[in-house]
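> model the following, please.
(chains A and B)
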Amino acid sequence: MNARTLAPRLWLALLTALFPPLTALAGEGPFIILQSTTSTQNSGLYEAILPQFTATTGIEVRVVAVGTGQALRNARNCDGDVVIVHARAAEEAFVAAGYGLERHNLMYNDFVIVGPGDDPAGVAGAGSAAEALRAIARARAPFASRGDDSGTHKKEMALWAAAGLDPLAASGAWYRETGSGMGATLNAAVGMRAYALTDRATWISFANKDDFRILFEGDPALFNQYGIIMANPANCPDVKAEAARRFIGWMLSEAGQRAIAAYRMGGQQLFYPNAEEQGQDH
Amino acid sequence: MSEGFAQAFRMIAGLDRELFEIILLSIRVSFTAVLLALLVALPFAAVLAVGRFPGRRGLIVLVNAMMGLPPVVVGLALYLLFSRSGPLGVLELLYTPTAMIIAQMVLVIPIVTAISRQVIADMHAEYDEMLRTLGASRIQMLGTVLWEARSALMTVALAGLGRALSEVGAVMIVGGNINHVTRVMTTAVALETSRGNLGLALALGLILLVLSLLVNTAVALLRSEWREAAHA
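Residues are numbered from 1 along each chain as shown, chains lettered A, B, ... in the order given. Here you go, the predicted structure:
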């Protein structure tokens, strides 16, 4: 076959293969949109447990992973049926304002402070999270902040406040706001040899650690509670209420909670289900 | 790093379903966007090139400036438009491939319009007198000019395709990077990077490059076909 006859055929094959009718792109089957955090997506949790829910109910769950602040804003704009986020005060405000129905505890893990292996600020010996942050500020050691109004960012700001420090005064100097997701911020931290606050799940599943390690953990102030909320049909009439209820019901059920507990990476459990502890505050 | 490449290679060799789903969606979205953009942009470019009407110069400057539209701003504007609480919310386009196609069209149309306007204008200046002597009508003239410019216009289309395939900011916002639904090559690269899987992310980028190479090879073949036909 010479190039003369080959080229038009190639071209035709290319066109037909690459330009299917637009209808082929349209969705099918029942689905809900879950607005959630980068930390839960980056850890691979949803890819592990959502297929189990879909298998039992036939409902597909489409996850949009953004920061907690943006997830709540998107849901407020009626662009999500359910949210799973981790910033209790913001969640309760979301419900109180009528954007969401009841908030449930779903699962927890904790935040950790990671940093370069040689720990130039001496964070490892700190007695509390506040003390660890004070050590970083005192050494003017680089610190990479999410700076994006996410749950992790809100927690970080609360910890600085508890330490009696205002890191924003050093913004651009040793305090660096990446304005990005958890993984992107960890990449930046590793690149700048900066300390960072991260949820444990993202850290365990993060593959670009270099010599970075967990330098501080265990302070009760580092508790990280995830909540699940359904968008309020009174605010958003198009919410897929029935499917959303079934999803939340399953996540809080024994099957859902068992699936969360069973998700492991490198032999480590990433999330601890605690749906039974409704109303309890940590 | 090499672990990531090894993983990518295993995925290709093993015809990994998810990987091919992502590649196929990238191709579908970007090709559809570019073809639809051409349908809008080429007539528009022809009008801008040979038409004579007030405001034409201003329009040309505007189109040229739109080539610099930041994808993330286009994504945000379309999000506000397609959000359920936005003016076009009833269409339920947010987080669908259709929304991604529209976003890429918005990014591709100015590039294709601006460059093909220049191509058509130059070609028109060259052929104008001759075609006029032959007594060609305006439409015939334009048809001839477009056909003679086909090779250059193909390059314009390729530039548009490059913009569409490589763009991440807009499709991330209006598509949502949803697994099996709106995840394309660029958003997958962003996700794997944020997971710290830098090798895999880079390998996905290389696959995108190979894809672009294949398309450009096909176009080069088509061009040589035209050249042979012209000399026959």
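> and the pLDDT at the residue of chain B found nearest chain A?
Going by C-beta to the nearest C-beta, chain A is nearest to B:S194 of chain B, at 2.9 Å. Every C-beta, even on glycine, is put in place using the N, C-alpha and C of the backbone. On the pLDDT scale, B:S194 is placed at 91.
> quick check: phi and psi at it.
Main-chain dihedrals, B:S194, degrees, to the nearest 10: phi -70, psi -20.
> which residue is the nearest non-sequential neighbour of it?
Counting by C-beta to C-beta, 6 or more residues apart in numbering or on different chains, B:S194 lies nearest to A:G183, which is 2.9 Å off, once chain neighbours are set aside.
> okay, and that neighbour sits in which element?
helix A:182-192 (DSSP states H and E).
> keeping just the C-alphas, turn that helix into PDB.
Taking Å, rounded to 0.1, in the frame of the first residue of the first chain, the C-alpha atoms of helix A:182-192 are listed here in PDB:
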ATOM      1  CA  MET A 182      -2.900  19.300  50.400                       C
ATOM      2  CA  GLY A 183      -0.700  17.200  48.100                       C
ATOM      3  CA  ALA A 184       0.400  20.300  46.100                       C
ATOM      4  CA  THR A 185       1.300  22.000  49.400                       C
ATOM      5  CA  LEU A 186       3.300  19.000  50.500                       C
ATOM      6  CA  ASN A 187       5.200  19.000  47.200                       C
ATOM      7  CA  ALA A 188       6.000  22.600  47.800                       C
ATOM      8  CA  ALA A 189       7.000  22.000  51.400                       C
ATOM      9  CA  VAL A 190       9.400  19.200  50.300                       C
ATOM     10  CA  GLY A 191      10.800  21.500  47.600                       C
ATOM     11  CA  MET A 192      11.300  24.400  50.000                       C
END
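> any idea of the mean pLDDT in that helix?
95.
> how about the residues of chain B near chain A?
Chain B comes close to chain A at residues B:27-29, B:31-32, B:35, B:83-86, B:89, B:94-98, B:101, B:176-179, B:181, B:191, B:193-198, B:215, B:218, B:221-222, B:224-225, B:228, as judged by C-beta under 8 Å from any C-beta of the partner chain.
> got a PyMOL select line for the buried ones in those residues?
This is the PyMOL syntax for the buried subset of the residues of chain B next to chain A, where burial follows 16 or more other C-beta atoms under 10 Å in any protein chain shown:
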select buried, chain B and resi 27+28+29+31+32+35+83+84+86+89+94+95+96+97+98+101+176+177+178+179+181+191+193+194+195+196+197+198+215+218+222+225
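> what helices or strands is the helix holding A:G183 leaning on?
helix A:38-42, strand A:100-115, strand A:143-145, strand A:195-199, helix A:200-205, helix B:185-194 (3 or more C-beta pairs under 8 Å, 6 or more residues apart in numbering or on different chains; DSSP states H and E).
> run through chain B and note the low-pLDDT ranges.
Residues of chain B meeting the criterion pLDDT under 70: B:1, B:232.
> inside helices: which ones of the residues of chain B next to chain A?
The helices, defined by DSSP state H, take in B:27-29, B:31-32, B:35, B:97-98, B:101, B:191, B:193-194, B:198, B:215, B:218, B:221-222, B:224-225, B:228 from those.
> just to revisit the earlier point, surely the residue of chain B closest to chain A and A:T198 touch.
No: in this structure B:S194 lies outside contact range of A:T198 using C-beta atoms under 8 Å: 11.9 Å.
> what is in contact with the two at once?
Residues touching both B:S194 and A:T198 by C-beta atoms under 8 Å, 6 or more residues apart in numbering or on different chains: A:M182.
> is A:V63 in a helix, a strand, or coil?
Classification of A:V63 by DSSP: H, G, I helix; E, B strand; the rest coil places it in strand.
> give me the neighbour count for it.
24 (other C-beta atoms under 10 Å in any protein chain shown).
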